[in-house]
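J.: give me the fold of what follows.
(chains A and B)
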Amino acid sequence: DTEVTQTPKHLVMGMTNKKSLKCEQHMGHRAMYWYKQKAKKPPELMFVYSYEKLSINESVPSRFSPECPNSSLLNLHLHALQPEDSALYLCASSQDGGLSGNTIYFGEGSWLTVV
Amino acid sequence: QKEVEQNSGPLSVPEGAIASLNCTYSDRGSQSFFWYRQYSGKSPELIMFIYSNGDKEDGRFTAQLNKASQYVSLLIRDSQPSDSATYLCAVNSGTASKLTFGTGTRLQVTL
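T.: As a prediction, the model looks like this:
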C-alpha cells in the first residue's frame, strides 16, 4: 500500500468552480510533486516542492495553484479549469530533491473531470 | 530534447515465459533509472531502480543498465497474468527532481 494518500479519489467540477486536491505523505520525505496524466500517456511533471519551497514549475497555467503547508502536505488548488484539464492527477514524494535520494513514490491519484 | 523511448506494444508473452521490456534514452548524463508498473486506471507503482551498469535482481524482476549503449531493460521471469500492465521507464537526467518518462510498454501475459 502506498504511503502517499490523495483525496478526493474522484472529483467532478464545473468550469467556474474552485476546488482543491490534497495529498499527504507519511514517509518523512522532503520533496513532493504534482504530476498530470492523460489517458494512454505518461505522467507529466507539473510542480516540485523541495523542503517546502517551490523548486520547479513546468510552465503550468495559473488556474492550477500549488501549496505546501508543511513537509507532509501538498495541495493543488483548481480554479476556472477547462474540460481538457480532465486527467488523473498524481501526487508523489521522494526522500529529497537530491539526485541520490530521488526514488519517487506515487499516490493513488485523483481523477478529475471538468464539465 | 531529452527523450526516453519505449515500444508501445502490446508485448504478448505466454504464462511462465520471460518478458523483456526495453527502453532507450538520449541524455548521456542520465544518472538513475526506474521501472514503474501501471495497471489500467491505477497510479504508477515502483518496480525497480538501477543506478550502475550491469544487472540488478529483485525476485522475478531483473533490471539491466548499459550506459554506453544508453539502454535499460526489465526482465520478468515466470510471467504471470497479474503482470499484465503498462510498464513505464523513467530516467533522471541531471536535474535532481525531474523524471522523464517513456510512453510505456503494454505487456499482456496470456494463459
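
J.: tell me what the strand or helix carrying residue B:74 is packed against?
T.: Following DSSP states H and E, the helix or strand that holds residue B:74 is strand B:71-76. Here strand B:71-76 touches strand B:19-25, strand B:32-38, strand B:45-50, strand B:61-66, strand B:85-92, going by 3 or more CB pairs under 8 Å, 6 or more residues apart in numbering or on different chains; DSSP states H and E. Every residue, glycine included, has its C-beta placed from N, CA and C.

J.: average pLDDT for it?
T.: Along strand B:71-76, the predicted local confidence has a mean pLDDT of 97.

J.: pairing partners for it, with directions?
T.: Sheet pairing of strand B:71-76 (DSSP bridges) gives strand B:19-25 (antiparallel), strand B:61-66 (antiparallel).

J.: ok now the longest one, how far from the chain's centre?
T.: Translated: strand B:19-25. Between the mean C-alpha location of strand B:19-25 and the chain-wide mean there is a distance of 6 Å, by CA atoms, centre = their mean, to the nearest Å.

J.: as CSV, could you dump the C-alpha coordinates of it?
T.: Written as CSV, here are the backbone C-alpha positions of strand B:19-25 (Å, rounded to 0.1, in the frame of the first residue of the first chain):
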residue,chain,number,x,y,z
ALA,B,19,9.1,-10.9,-20.7
SER,B,20,11.8,-8.5,-21.9
LEU,B,21,11.0,-4.8,-21.9
ASN,B,22,13.4,-2.3,-23.3
CYS,B,23,14.0,1.4,-23.0
THR,B,24,16.5,3.8,-24.6
TYR,B,25,17.4,7.3,-23.6
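
J.: for the record, mean pLDDT for it?
T.: The predicted model assigns strand B:19-25 a mean pLDDT of 97.

J.: and it, what's buried?
T.: Judged by neighbour count (16 or more other CB atoms under 10 Å in any protein chain shown), strand B:19-25 contains these buried residues: B:19, B:21-25.

J.: spatially central residue for chain A, please.
T.: In chain A, the C-alpha nearest the mean C-alpha coordinate belongs to residue A:34, at 2.7 Å (CA atoms, centre = their mean).

J.: was I right to think that residue contacts residue A:46?
T.: Yes - proximity of residue A:34 to residue A:46 meets the contact threshold set by CB atoms under 8 Å, at 4.3 Å.

J.: could you tell me which residues touch both of those two?
T.: Residues touching both residue A:34 and residue A:46 by CB atoms under 8 Å, 6 or more residues apart in numbering or on different chains: A:64, A:66, A:76.
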